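Chemist: I'd like to go over a predicted model; first the sequence, then the structure.
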Amino acid sequence: MDGFSLRPAVDSDLAFARDLTRSTMLGYYIRNDLLWQDEAFDVAWAGRRNLLICQGARVLGFVSLSRDAQALYVRELHVLEAFRGQGAGAWTLEQVLELARQERRGLLRLTVFKGNPAQRLYERMGLRVVGEDDCFWRMERLSDSLAGRLGDA
């Protein structure tokens with residue numbers, strides 16, 4: 001899993017991220033009778049920390065994060081189809097987990113469409129289903145920072 005890096009997204013990366021998300025998620029939206037709206041994506045993007053997944057100068061995808069007092073949330077994680085299955089998603093989740101530890105957030109959380117094969121990656125990375133909302137599974141895992149604090153108590 002060598003050679004990957006994260007770099008902060010800039011305004012000019014919005015169209016790439018929106019198009020990638022639409023192309024990977026539109027089938028799920030249609031199957032679940034949801035309406036895709038570019039404007040809603042753009043508003044959400046503006047309120048999140050967005051990082052591009054790179055290999056050298058090549059952009060492979062992106063991850064979009066938000067947080068609350070307890071958890072770091074993966075709101076979007078998308079890799080271009082040509083680069084899937086090469087470890088970029090797992091590597092990115094490892095980096096996000098490390099960020100959760102550094103920020104002393106006890107949980108990593110995300111939601112995934114039911115039937116999305118990415119759920120297998122999330123499970124391999126230690127996330128577990130903790131609930132559901134209509135067409136989504138809610139998943140989370142403890143970060144080591146919380147486990148360490150509980151062990152110290």
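Modeler: Cool, the structure landed.

Chemist: pLDDT weak spots in the protein?
Modeler: By pLDDT under 70, the weakly predicted segments of the chain are 1-2, 145-153.

Chemist: which parts of it are helices?
Modeler: Assigned by DSSP state H, the helices in the chain fall at 14-31, 38-46, 88-102, 118-124, 144-152.

Chemist: please identify the deepest-packed of those helices.
Modeler: Most buried of the helices of the chain by mean neighbour count (mean count of other CB atoms under 10 Å) is helix 88-102; its value is a mean of 19. From N, CA and C alone the C-beta is placed, and that goes for glycine too.

Chemist: so for residue 81, which of the helices of the chain sits nearest?
Modeler: Proximity to residue 81 (CB to CB) singles out helix 14-31 among these, at 7.8 Å.

Chemist: ok and the closest one relative to helix 38-46, angle-wise?
Modeler: Per axes from the mean of the first three to the mean of the last three CA atoms, to 10 degrees, the angle that helix 14-31 makes with helix 38-46 is 120 degrees.

Chemist: from the contact counts, what lies against helix 14-31?
Modeler: helix 38-46, strand 58-67, strand 71-79 (3 or more CB pairs under 8 Å, 6 or more residues apart in numbering; DSSP states H and E).

Chemist: got the angle for that helix vs strand 58-67?
Modeler: Using the same axes, to 10 degrees: helix 14-31 against strand 58-67 is 70 degrees.

Chemist: buried ones in stretch 62-82, by neighbour count?
Modeler: Of all the residues in stretch 62-82, those buried under the rule 16 or more other CB atoms under 10 Å are 62-65, 71-80.

Chemist: fine, thanks again, bye for now.
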